[in-house]
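> Okay, sequence plus prediction incoming.
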Amino acid sequence: MSVQLEISSIFARYTDNKTNIELRGNTVGECINDLVKKYPDMKKMILDKNGNLRHSYDLYINGQSSYPKEMTKQVKDGDKLNLVMLIQGG
Amino acid sequence: MLTRQELERYDRQIMIYGFGEEGQEKLKKARVFIAGCGGLGSPVAIYLAAAGIGTIRIADHDKVELSNLNRQVLHWNENVGDIKVDSASVKLKRLNPETVIETVTETISETNIAQLTANCTVIVDAMDNLPTRYLLNKVALKKNVPFFHGAVYGFEGRAMTVIPGKTACLNCLYHGVSMPKEKFPVIGVTPAVIGCIQATEVIKYIVGFDELLTDRMLIYDGLRMTFTELKVNKDPDCAECGISSGK
């Protein structure tokens, strides 16, 4: 499956300034693994030591939250994913 | 009843379809609690005072620092070292003498939050940390008072409106996840955008406009100049507003 991941400009420094990235995989986890393979600097940012999405991140599929167990969720061709970092500034 | 001076001051917004003198009177009767008098609290308070909110209660325990001035536009160079809510109160009263400004120089906590938000029509989140945001969300749910969330980082910001008993709450959105408070990067225009969105939502709610920023999070990315909406579902298992919480 081919999906389009949209990430915040906050991450652009780790992804060669790209904020829309095409990824391959059948699940969110496979797509995220494709992302960190392409851009290894993202791995430490978004994954914990067990390879799960850090609690401070949320993953949306076609605008819908994939919480909980995000990494196991199935994706289909053409899906749009959003990776969102929790922010707390005010 | 609006005075002749008020009718003139608010003439342009009273003209808005669905607003009218009735809407203006609702704003006049409202008491808004703003938690925080910094980057978000500044634009929220300025635009709510300008719109004619009757009473604004603003809480912040901090003093103005030089490094605040790139974004906290209620505080000026001459205010460095002043108590933030005092600095804010002076400007807001000069902007609109008809709005009553109540100031609180206390740290918002579990013990004082009920008292701080007493008799408030709405609660606005202009904080810089998640634990206090969860506390505000909790008290808003308990008191059945709408809660207006905002947060910023760099050129990016978020906003969401919570109507207790009806829509997803902050805990549904963030699942109770917390992070240590830290120094964060930000340019002043980001809280200006998000604070104005929060103030817009407050005004709409009080006047009675229906379509609020509920059950969806708005993400503003100033670098790409995009606004993205993501769906937020009310979580039936939410510890704060779900079935098991009894709310």
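Yes, it's here.
> Looking at chain B, name the residue that lies furthest from the middle.
Distance from the centre of chain B peaks at residue B:4, with 29.1 Å (Cα atoms, centre = their mean).
> Quickly note the distance from that one to residue B:14.
Distance of residue B:4 to residue B:14, computed by Cβ to Cβ, to the nearest Å: 13 Å. C-beta coordinates here come from the backbone N, C-alpha and C atoms, glycine included.
> can you pull the contacts of residue A:14?
A:39, A:41, A:42, A:45 (Cβ atoms under 8 Å, 6 or more residues apart in numbering or on different chains).
> Just want the phi and psi numbers for residue B:47.
Residue B:47 adopts backbone torsions of phi -80, psi -30, taken as degrees, to the nearest 10.
> Count the residues that sit near the residue nearest to it when sequence neighbours are not counted.
Nearest in space to residue B:47, with sequence neighbours left out and distances taken as Cβ to Cβ, 6 or more residues apart in numbering or on different chains, is residue B:199 at 4.0 Å. If you count neighbours by other Cβ atoms under 10 Å in any protein chain shown, residue B:199 ends up with 26.
> Assign a three-state SS to residue B:199, would you?
Following DSSP: H, G, I helix; E, B strand; the rest coil, the label given to residue B:199 is helix.
> Quick one: residues contacting it.
B:43, B:44, B:47, B:48, B:51.
> Would you confirm that the first one contacts residue B:196?
Right, the one you point to is residue B:43. Yes - in this structure residue B:43 lies within contact range of residue B:196 using Cβ atoms under 8 Å: 5.5 Å.
> Chain B: helices as residue ranges?
B:4-9, B:11-14, B:20-29, B:41-51, B:84-95, B:113-116, B:130-143, B:170-174, B:189-207 (DSSP state H).
> Of these, give the one that comes closest to residue A:66.
Of all the helices of chain B, helix B:170-174 sits nearest to residue A:66, with 13.7 Å by Cβ to Cβ.
> and the closest one, average pLDDT?
Mean pLDDT, computed over helix B:170-174, is 96.
> Which residues does it contact?
So helix B:170-174 is contacted by A:86, B:125, B:130, B:133-134, B:136-137, B:147, B:149, B:160, B:162, B:217, B:232-235, B:238-242 (Cβ under 8 Å, 6+ apart).
> Try it again at 7 Å.
A:86, B:133-134, B:137, B:149, B:160, B:162, B:217, B:232-235, B:238-241 (Cβ atoms under 7 Å, 6 or more residues apart in numbering or on different chains).
> How about stretch B:225-245?
Residues contacting stretch B:225-245 (Cβ under 7 Å, 6+ apart): A:60, A:63-65, A:82, A:84, B:137-138, B:141, B:160, B:167-169, B:171-173, B:176, B:215-220, B:247.
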